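Engineer: need a structure here:
(4 chains)
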2 protein chains.
Amino acid sequence: MPKIGMEPLRRKALIDATISAIGERGSLNVTMSEIADRAGVSSALAHHYFGPKEELLLATMRHLLADLGADTITALNKAGTPRERLSAIVGVNFNAGQFREETVHAWLAFYVEAQNSLSLRRLLRIYARRLHSNLMSGLLPLVSRDEAARMAEAIAAMIDGLYIRRALRDGLPNPLSAGALVEDYIDAKLAQVR
Amino acid sequence: MPKIGMEPLRRKALIDATISAIGERGSLNVTMSEIADRAGVSSALAHHYFGPKEELLLATMRHLLADLGADTITALNKAGTPRERLSAIVGVNFNAGQFREETVHAWLAFYVEAQNSLSLRRLLRIYARRLHSNLMSGLLPLVSRDEAARMAEAIAAMIDGLYIRRALRDGLPNPLSAGALVEDYIDAKLAQVR
DNA sequence: TTTTATTGATTGACGAGTCAATAAAAAATA
DNA sequence: TATTTTTTATTGACTCGTCAATCAATAAAA
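Structural biologist: Next up is the predicted model:
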């Protein structure tokens, strides 16, 4: 009963299934069969559309990255002042969509896998650079170039760290709001530098 | 040519080999044979001393944790003031021994694996709690309880984030000194709160 | 002779990737 | 319009490799 034009649907379903499978297992240790099952197709079909497993993982990572990018653009467009730009960036990273447990797990898993995969590392580099330059666009009007670079690095690290901690949530006493912590850092620094 | 009393030596060698193998691969995707090879023994011997693979990984994690704990105690003993305690804690996490690339890779890999392993998760929780309480011991004399909790959480997140970024070092423009970023945060907050 | 150290060989499971076969839609041809 | 052909969708069955874990066998020390 093959219906025509299934390819885009299947690709999307497989990528979604990949995210949810990784989110549940908590690591990239998911089999093609498991992913295919979740998408309601055979593993052979997954290979048919994506070839080797790494291609599917890459496509999934690209999807995550594109989502984050789109959210960021939307948020930045609503921001007027530089300070608002900073809040917009922080907000995007901790909004309900991005900070979902399965998404967070997927990011973390990809970070580790990037150690073995050049293409994955490249993708993450793009993300890191984009975040950095977005942060700089908000910071440069407010502080010196040196200070901006330092703050951008610190904010990025804090975001990554909060993602990790979210993934391991049960180790943390009181789950203070993650975004507020970053905002608090920004305020403290801006007050200090004047 | 069996010499007696090899057990402790072999255990140590296998744990060291595990750290270096994970550090090189960048993930827990290392085989028992690979680890055993590095330790100069057969994989059968590794199983003989540690049983299933997870036991070896747990022992390795415990070793890392014990190292960090010992370093922390030493550093804290040299610290007089609360502010010095904070610097001591930060310093330990970024000193040459702990911030070695292979160690950082191992930590990151274990974080991900913790998603699948209850015992591993338990170990990481111990680490998180210890870090938190150490930070609080430095912060409480300086700021309110609420503020201390917030700062402890932020500092811990920053440390975790800087570890991630160190593991993916090639994505980052200028590798500012990681410890200095955390110190800078602490200074800014203490200045703000007065 | 019992205990400790050690390994080569083997087993068994699991999982990625391939392939030939099936079937329906679409296009081409008669 | 009726048919043949090509393209797209789909899977079950199979291959091949890898790897954790076991075990029986060997040998030296106690």
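Engineer: Tell me which other helices or strands the longest helix that chain A contains touches.
Structural biologist: Looking across chain A with DSSP state H, the single longest helix is helix A:53-78. Packing partners of helix A:53-78 (3 or more Cβ pairs under 8 Å, 6 or more residues apart in numbering or on different chains; DSSP states H and E): helix A:7-25, helix A:32-39, helix A:43-50, helix A:82-94, helix A:101-113, helix A:118-139. Just so you know, the C-beta spots here come from the backbone N, C-alpha and C atoms, and that holds for glycine as well.
Engineer: List the buried residues in it.
Structural biologist: Neighbour-count burial for helix A:53-78, counted by 16 or more other Cβ atoms under 10 Å in any protein chain shown, picks out A:53, A:56-61, A:63-65, A:68, A:71-72, A:75-76.
Engineer: Centre of the chain to it, how far?
Structural biologist: 7 Å (Cα atoms, centre = their mean, to the nearest Å).
Engineer: Whether the helix or strand of chain A with the lowest mean pLDDT contacts chain B - can you check?
Structural biologist: The weakest-scoring helix or strand in chain A, judged by mean pLDDT, DSSP states H and E, is helix A:101-113 (a mean of 91). Yes. Applying Cβ under 8 Å from any Cβ of the partner chain, one finds helix A:101-113 in contact with chain B at A:105, A:108, A:109, A:111, A:112, A:113.
Engineer: Same list, these, but as a markdown table with distance to residue A:148 and neighbour count please.
Structural biologist: Below are these laid out as a markdown table (distance: Cβ to Cβ, whole Å; neighbours: other Cβ atoms under 10 Å in any protein chain shown):
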| residue | distance to residue A:148 | neighbour count |
| --- | --- | --- |
| A:105 | 32 | 24 |
| A:108 | 28 | 25 |
| A:109 | 31 | 24 |
| A:111 | 25 | 23 |
| A:112 | 30 | 25 |
| A:113 | 31 | 22 |
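Engineer: Please convert those residues to JSON lines, extending it with distance to residue B:168.
Structural biologist: Listed next are these as JSON lines, based on distance: Cβ to Cβ, whole Å:
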{"residue": "A:105", "distance to residue B:168": "17"}
{"residue": "A:108", "distance to residue B:168": "12"}
{"residue": "A:109", "distance to residue B:168": "14"}
{"residue": "A:111", "distance to residue B:168": "7"}
{"residue": "A:112", "distance to residue B:168": "10"}
{"residue": "A:113", "distance to residue B:168": "11"}
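Engineer: Report the two of these separated the most.
Structural biologist: For the residues of helix A:101-113 next to chain B, the farthest-apart pair by Cβ to Cβ is A:105 and A:113; their separation is 12.4 Å.
Engineer: May I have the predicted confidence score for residue A:4?
Structural biologist: Looking at residue A:4, its pLDDT stands at 81.
Engineer: That one is in what secondary structure piece?
Structural biologist: Using DSSP states H and E, residue A:4 sits within no helix or strand.
Engineer: How about the contacts made by residue A:187?
Structural biologist: residue B:192 (Cβ atoms under 8 Å, 6 or more residues apart in numbering or on different chains).
Engineer: distance of it from DNA strand D?
Structural biologist: 48 Å (Cβ to the nearest atom of the strand, to the nearest Å).
Engineer: That residue sits in which helix or strand?
Structural biologist: Here residue A:187 is assigned to helix A:178-193, by DSSP H and E.
Engineer: Walk me through the regions of chain A where pLDDT falls short of the threshold, as ranges.
Structural biologist: Within chain A, the stretches with pLDDT under 70 are A:1-2, A:170-176, A:194.
Engineer: Near DNA strand C, which residues of chain A are found?
Structural biologist: Counting by Cβ under 7 Å from any atom of the strand, chain A comes close to DNA strand C at A:1-4, A:30-33, A:43-44, A:47, A:51-54.
Engineer: how close does residue A:121 sit to residue B:58?
Structural biologist: 29 Å (Cβ to Cβ, to the nearest Å).
Engineer: And for residue A:163, the neighbour number?
Structural biologist: 24 (other Cβ atoms under 10 Å in any protein chain shown).
Engineer: That one is in contact with residue A:104, isn't it?
Structural biologist: Yes. Contact criterion Cβ atoms under 8 Å: residue A:163 and residue A:104 qualify, at 5.3 Å.
Engineer: distance of the closest residue to residue A:62 other than its chain neighbours from residue A:69?
Structural biologist: Of all residues not flanking residue A:62 in the chain, residue A:123 sits nearest, at 6.6 Å (Cβ to Cβ, 6 or more residues apart in numbering or on different chains). According to Cβ to Cβ, residue A:123 and residue A:69 sit 12 Å apart.
Engineer: Helix, strand, or coil at residue A:99?
Structural biologist: coil (DSSP: H, G, I helix; E, B strand; the rest coil).
Engineer: residues contacting the nearest residue to it once chain neighbours are set aside?
Structural biologist: Nearest non-adjacent residue to residue A:99, counting by Cβ to Cβ, 6+ apart: residue A:166, 6.6 Å away. By Cβ under 8 Å, 6+ apart, the residues touching residue A:166 are A:99, A:101, A:104, A:178.
Engineer: coming back round to it: out of the residues of chain A next to DNA strand C, which touch DNA strand D?
Structural biologist: Contacts with DNA strand D within these, counted by Cβ under 7 Å from any atom of the strand: A:2, A:3, A:4, A:43, A:44.
Engineer: before we move on, the earlier item: give me the buried positions along the helix holding residue A:187.
Structural biologist: A:178, A:179, A:181, A:182, A:183, A:184, A:185, A:186, A:188, A:189, A:190, A:192.
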